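*Asks:* structure for this input, please:
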Amino acid sequence: MVRKLKYHEEKLLRKTNFMSWEASNNLHENKIMRKYGIQKREEYTLYNKISREIRDIVRKVKDLEPKSPHRIEMSAAFLEKLYGIGLIPTKWNLEQCNEVSASSFCRRRITVILVKLKMAQDINMAIGLVEGGHVRVGPQMILDPAFLVSRNMEDFVTWVDTSKIRQKVLEYNDLRDDYDVNN
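*Replies:* So this is what the prediction gives:
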């Protein structure tokens, strides 16, 4: 049984309809953030904003005349760019750009790449490795778990030279140099 509202409560709630309110996307957002280990909600909203802008650009390119050389050139450059980043699987179809979402960006984060390359067992372990300074991409040590790895930089993800994990992996595979053991 619900108590009767006081006058000031009724006045405050007069314009509020509790039967139909705008549904929020909070549950889906939290699920994606937990799945990919996103620590800041701003990162997720930024990924959503960028994916929305990508879909807008695709729509504008599709509105151009189909046989126009400008459209062909723009769509090819756009597909090449998105394929290079790793957001779409192939660079042959402009329709794939409509499926770019925040999850597409999340799959290119360094932590997800570490799990994909089997350098970490799960996302939380990968976050710990990145924040601990054990991972580098090319010559650059990465300390931010939100670092996005492009398709061609994916081959250069490795352990930092001074990392204890790298030393243990080399020791396990019998590849550790005797000079490194003495130092």
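
*Asks:* surely Asn48 and Ala102 touch.
*Replies:* Yes - using Cβ atoms under 8 Å, Asn48 is in contact with Ala102, at 4.6 Å. (Glycine included, C-beta is placed from N, CA and C.)

*Asks:* of those two, who's got more company?
*Replies:* Ala102 (23 against 17; other Cβ atoms under 10 Å).

*Asks:* dump the residue contacts of the more buried one.
*Replies:* 32, 44, 47-48, 51 (Cβ atoms under 8 Å, 6 or more residues apart in numbering).

*Asks:* among those residues, which two are most distant?
*Replies:* Ile32 and Ser51 (12.0 Å; Cβ to Cβ).

*Asks:* pick the one among the contacts of Ala102 closest to Lys15.
*Replies:* Distances from Lys15 to the contacts of Ala102, taken by Cβ to Cβ, are shortest for Asn48, at 29.7 Å.

*Asks:* show me what counts as buried in stretch 107-114.
*Replies:* 107-114 (16 or more other Cβ atoms under 10 Å).

*Asks:* centroid-nearest residue for the chain?
*Replies:* Nearest to the geometric centre of the chain sits Cys106, at 1.6 Å (Cα atoms, centre = their mean).

*Asks:* longest helix in this structure, please.
*Replies:* helix 41-63 (DSSP state H).

*Asks:* packing partners for it?
*Replies:* helix 26-36, helix 69-85, helix 102-106 (3 or more Cβ pairs under 8 Å, 6 or more residues apart in numbering; DSSP states H and E).

*Asks:* contacts for that helix?
*Replies:* With Cβ under 8 Å, 6+ apart, helix 41-63 has contacts from 29, 32-33, 38, 71, 74-75, 78, 82, 87, 94, 97-98, 100-102, 104-106, 146.

*Asks:* buried ones among the residues you listed?
*Replies:* Buried among the contacts of helix 41-63 by 16+ other Cβ under 10 Å: 29, 32-33, 38, 71, 74-75, 78, 82, 87, 94, 97, 100-102, 104-106, 146.

*Asks:* Thr122 reaches Val115, doesn't it?
*Replies:* Actually, residue 122 is Asp rather than Thr. Yes - at 6.4 Å, Asp122 counts as touching Val115 under the criterion of Cβ under 8 Å.

*Asks:* neighbour count: these two, which is higher?
*Replies:* Val115 (18 against 11).

*Asks:* which ones are touching that one?
*Replies:* 121-123, 126.

*Asks:* okay, those residues in TSV with secondary structure, pLDDT and distance to Thr162 next?
*Replies:* As requested, the contacts of Val115 are arranged in TSV below (DSSP: H, G, I helix; E, B strand; the rest coil; pLDDT from 0 to 100; distance: Cβ to Cβ, whole Å):
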residue	secondary structure	pLDDT	distance to Thr162
Gln121	coil	95	22
Asp122	coil	95	24
Ile123	helix	96	24
Ala126	helix	96	19
